[in-house]
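Engineer: I would like to see how this sequence folds:
(chains A and B, ligands or ions: 2)
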Number of protein chains: 2
Amino acid sequence: MPTSAVSRLSGQARRVEPFHVMRLLARAGELEALGRSIVHMEVGEPDFPTPGPILEAGQRALADGRTRYTSAGGLPALRRAIAGYYADRYDTPVGSERILVTPGASGALQLVFLALLDPGDRVLIADPSYPCYRQVLQLMGIEPIAVPVGPDTDYQLTAARAEAAWAEGVRAIVVASPSNPTGASTAFDVLSELHALCRDRGAALVVDEIYQGLTYDVQDRTALSLGSTDLYVINSFSKYFGMTGWRLGWLAGPEDAVEVMERMAQNLFIAANTPAQHAALAAFDSATIAVLETRRLEFQRRRDRLLPALRDLGFSIPVEPTGAFYLYARLPEGLKLDSMTFTSRMLEEAGVALTPGNDFGRHDAARHVRFAYTREIEELDEGVRRIRDWLAGI
Amino acid sequence: MPTSAVSRLSGQARRVEPFHVMRLLARAGELEALGRSIVHMEVGEPDFPTPGPILEAGQRALADGRTRYTSAGGLPALRRAIAGYYADRYDTPVGSERILVTPGASGALQLVFLALLDPGDRVLIADPSYPCYRQVLQLMGIEPIAVPVGPDTDYQLTAARAEAAWAEGVRAIVVASPSNPTGASTAFDVLSELHALCRDRGAALVVDEIYQGLTYDVQDRTALSLGSTDLYVINSFSKYFGMTGWRLGWLAGPEDAVEVMERMAQNLFIAANTPAQHAALAAFDSATIAVLETRRLEFQRRRDRLLPALRDLGFSIPVEPTGAFYLYARLPEGLKLDSMTFTSRMLEEAGVALTPGNDFGRHDAARHVRFAYTREIEELDEGVRRIRDWLAGI
Ligand SMILES: Cc1ncc(COP(=O)(O)O)c(C=O)c1O
Ligand SMILES: Cc1ncc(COP(=O)(O)O)c(C=O)c1O
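Structural biologist: Ligands and ions are numbered 1, 2, ... in the order given. Prediction:
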């Protein structure tokens, strides 16, 4: 367009940063269109399809014409099924009226932020962390305070760190466990201390458990066992359940807050996708869980293969990640490149797509990259080979 | 819960009003569970199932495992199909880069509001209008200015009205055509004057065309033919296309604004539902349109049946509604009840569910109710009979 047809964009719209990985993805597409082979280690979703029983339930829902709006809180049967999952798998009874079905964890985050925070409030988040926390908070006029975390605290936002970073107006702490991009899990006693700190200060603890179920060598728990006061848990069918494109998640919170959030959801979303909700009723079946557990073990095999291989190449991953499907690695010491240059040269010269640390925050971000092991072992091996050759050649 | 587990909700959360119709719906459910028959004339979605070709495309998408995230803007093929629909059906060429696929018109509204408006800004909306405009704007700290509209302007927000209501900080006008709850369509020259006013004042015109296609006796047009400057069109697969529960809509705007909104969508939603997007590729097929046109004629038959019947009962509907599937009716003159009392007595005593005017604004709201003709003619007839008997009995 020669001249802009837009008189004015809002301040918050102009401040939304593009993800660097999107540019890399677009470029990867161009290279692939030219016939170049690209090893994808940047993808934040499982390479597995949605499990058969869920797909079949979705197909049945369509065949039965289940295509109308549901109530904003979600199908009562799905809310009960999620509550039952907490009781059965996590030994944590949660009333179904404390569960709200949402359009992905994304929708849940939006509801929790809007329900708890006023413009001008502040929120503590880890640096590095999932970039949408920061951006969505900023869109709402809320100030994220990024608290640097690193190997010294096992990449966890601890109560001591949170306390040190506390400032006037802090009303919530957001923790992801397991975390994107580090794969670190927050130890249960750390969570408990964070919760105590929040309660003490009249703030809320928001725990993003979207990678729940995808844990290796550690006990898989839920923060919900900490109680219900000022505690909000975000979750999703996207990752463990392999349903990214279905856009279905949930939140759990205190009953009276959930009631308010349901009212907000009515206005913001009307409801989550109906066929997806019917499909998700099959997500907790033992046949589905059996498939998912096999996949979990496959992710663990990949982690166990990729982690030592990257360390061998000189990447520093001091703490073994125990969840999700990411490794957050510091670039080899000798390499005098920042992560933006590194990821774009990796793509152009080695044919490997990675996510630069800059997408996740600022703390030492220029020296970090995220590897996703959402590809088969052979492809991960090929990626490692390409990186090794490239490092040897420069 | 004996004591609240919530220390604090945000100011905007506490201000979200529940829809009155939700309480009526819950009560209707209770009555039905007790064996009472209820005639539903409150439902804001088609009673028709999603058309066969769309359902089949959705089923194919699932069978083919199309369940991963799409890009935030939507499947390129769907963006092109929507652009093609504007060119073919509305003789209005729109580049596909000006189209953004969203989670319903709901998602589109959120994006447009956030992208154009800063907290503290003001927006003109019609009173009565779709309640979520007001509520979502308020959630974002934006002040809706409700401009009363009535039979004197054919229930349209005209440029003269808008100009008279203009205030410091107004940055947009939102118009729905056809409108919920009035079924009124904004005449094209009125739209054009509103657009000119907006351009003159550095504001944006937002036209919600979610009921596009559902028009009777008037030419079905799109505001997009007004050009691209400071003009945003919201649309959806929900109503005409019969896809409410799929949560799929779109927006069209100036290319550079759409680019910014895509970035915002990445953060807020990640993307719209993937199977729904594949299903919607079949929405513009001639086989689908043939089904939809039959349904449109059926809606028209219902309007033509219900409108005179309600007038006969003393309801005042001075302007013949030309679109959507609603009649917005003033209570009979002699009846000394407000619409809240009337709708709840209708439900309890006559077994008819209606929406009180109060859900749509304040202007003469206590004297209005919305009838939805999203039920078969026999059921509408039965509703009319029950209302007649009830009116005769009091
Ligand atoms: C930590 C974290 N939270 C939330 C989300 C949002 O996921 P969804 O909206 O698909 O549930 C993601 C997606 O990558 C994530 O990594
Ligand atoms: C005028 C109007 N706009 C927008 C919407 C939102 O619809 P959806 O999000 O299903 O596209 C509705 C739903 O009833 C409506 O009536």
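Engineer: Show me what residue of the stretch 1-150 of chain A gets nearest to chain B.
Structural biologist: Closest contact between the stretch 1-150 of chain A and chain B, by CB to the nearest CB, is at residue A:5 (3.5 Å). No exception for glycine: its C-beta is placed from N, CA and C like everyone else's.
Engineer: check contacts around residue A:236.
Structural biologist: A:104-105, A:108, A:210, A:243, A:248-250 (CB atoms under 8 Å, 6 or more residues apart in numbering or on different chains).
Engineer: What of residue A:66?
Structural biologist: A:274-275, A:278, B:245.
Engineer: Where do the strands of chain A begin and end?
Structural biologist: Assigned by DSSP state E, the strands in chain A fall at A:39-40, A:99-102, A:122-127, A:143-148, A:170-176, A:204-208, A:231-236, A:249-252, A:326-330, A:352-353, A:355-356, A:368-372.
Engineer: Pairing partners for the fourth one, with directions?
Structural biologist: Applying DSSP bridges, strand A:143-148 is found paired with strand A:122-127 (parallel).
Engineer: Equivalent analysis for the last one, please.
Structural biologist: Take DSSP bridges as the rule and strand A:368-372 pairs in its sheet with strand A:326-330 (antiparallel), strand A:355-356 (antiparallel).
Engineer: I'd like the distance between residue A:33 and residue A:27.
Structural biologist: 11 Å (CB to CB, to the nearest Å).
Engineer: and these two? which has more neighbours close in?
Structural biologist: Higher neighbour count among residue A:33 and residue A:27: residue A:27, with 15 against 8, using other CB atoms under 10 Å in any protein chain shown.
Engineer: List the residues that contact the more buried one.
Structural biologist: Here residue A:27 is in contact with A:344, A:347-348 (criterion: CB under 8 Å, 6+ apart).
Engineer: Check residue A:275 too.
Structural biologist: A:58, A:61-62, A:66-67, B:58, B:245-246, B:275.
Engineer: Just the closest residue of chain A to ligand 2, please.
Structural biologist: Using CB to the nearest ligand atom, the point where chain A gets nearest to ligand 2 is residue A:270, with a distance of 5.1 Å.
Engineer: And for the nearest residue to that residue once chain neighbours are set aside, the neighbour number?
Structural biologist: Among residues not flanking residue A:270 along the chain, residue B:106 sits closest, at 5.4 Å (CB to CB, 6 or more residues apart in numbering or on different chains). The number of residues packed near residue B:106 is 25, by other CB under 10 Å.
Engineer: isn't residue B:106 right up against residue A:269?
Structural biologist: Yes: the pair residue B:106 and residue A:269 qualifies as a contact (CB atoms under 8 Å) at a distance of 5.6 Å.
Engineer: what do these two both touch?
Structural biologist: Shared contacts of residue B:106 and residue A:269, counting by CB under 8 Å, 6+ apart, come down to residue B:247.
Engineer: got the contact list for the closest residue to residue A:310 other than its chain neighbours?
Structural biologist: Distances taken as CB to CB, 6+ apart place residue A:329 nearest to residue A:310, at 5.6 Å, with adjacent residues excluded. Counting by CB under 8 Å, 6+ apart, residue A:329 touches A:310, A:315-317, A:368-371.
Engineer: try 10 Å
Structural biologist: Going by CB atoms under 10 Å, 6 or more residues apart in numbering or on different chains, residue A:329 touches A:181-182, A:306-307, A:310-311, A:313-318, A:339, A:354, A:357, A:367-371.
Engineer: for residue A:37, same thing?
Structural biologist: Residue A:37 is in contact with A:31, A:351, A:382, A:386, counting by CB under 10 Å, 6+ apart.
Engineer: before we move on, back to that, save the contacts of residue A:275 as CSV, and put in distance to residue A:121 too.
Structural biologist: Listed next are the contacts of residue A:275 as CSV, based on distance: CB to CB, whole Å:
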residue, distance to residue A:121
A:58, 39
A:61, 40
A:62, 42
A:66, 39
A:67, 39
B:58, 41
B:245, 35
B:246, 35
B:275, 37
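Engineer: In helices, which of those residues appear?
Structural biologist: A:58, A:61-62, B:58, B:275 (DSSP state H).
Engineer: hey, where'd the helices end up in the stretch 251-394 of chain A?
Structural biologist: A:255-268, A:274-280, A:286-312, A:339-345, A:377-393 (DSSP state H, counting those that start in this stretch).
Engineer: Work out the gap between the longest one and the centre of the chain.
Structural biologist: For helix A:286-312, the distance from its own C-alpha centre to the chain's C-alpha centre is 17 Å (CA atoms, centre = their mean, to the nearest Å).
Engineer: Just want the angle from it to strand A:326-330.
Structural biologist: Helix A:286-312 and strand A:326-330 meet at an angle of 10 degrees, taking axes from the mean of the first three to the mean of the last three CA atoms, to 10 degrees as the criterion.
Engineer: packing partners for helix A:286-312?
Structural biologist: Packing partners of helix A:286-312 (3 or more CB pairs under 10 Å, 6 or more residues apart in numbering or on different chains; DSSP states H and E): helix A:52-63, strand A:326-330, strand A:368-372, helix A:377-393.
Engineer: can you list the ones you listed in JSON lines and add distance to residue B:156 and mean pLDDT?
Structural biologist: Output for the helices and strands packed on helix A:286-312, formatted as JSON lines (distance: least, CB to CB, whole Å; pLDDT from 0 to 100):
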{"stretch": "helix A:52-63", "distance to residue B:156": "39", "mean pLDDT": "98"}
{"stretch": "strand A:326-330", "distance to residue B:156": "54", "mean pLDDT": "98"}
{"stretch": "strand A:368-372", "distance to residue B:156": "52", "mean pLDDT": "98"}
{"stretch": "helix A:377-393", "distance to residue B:156": "59", "mean pLDDT": "97"}
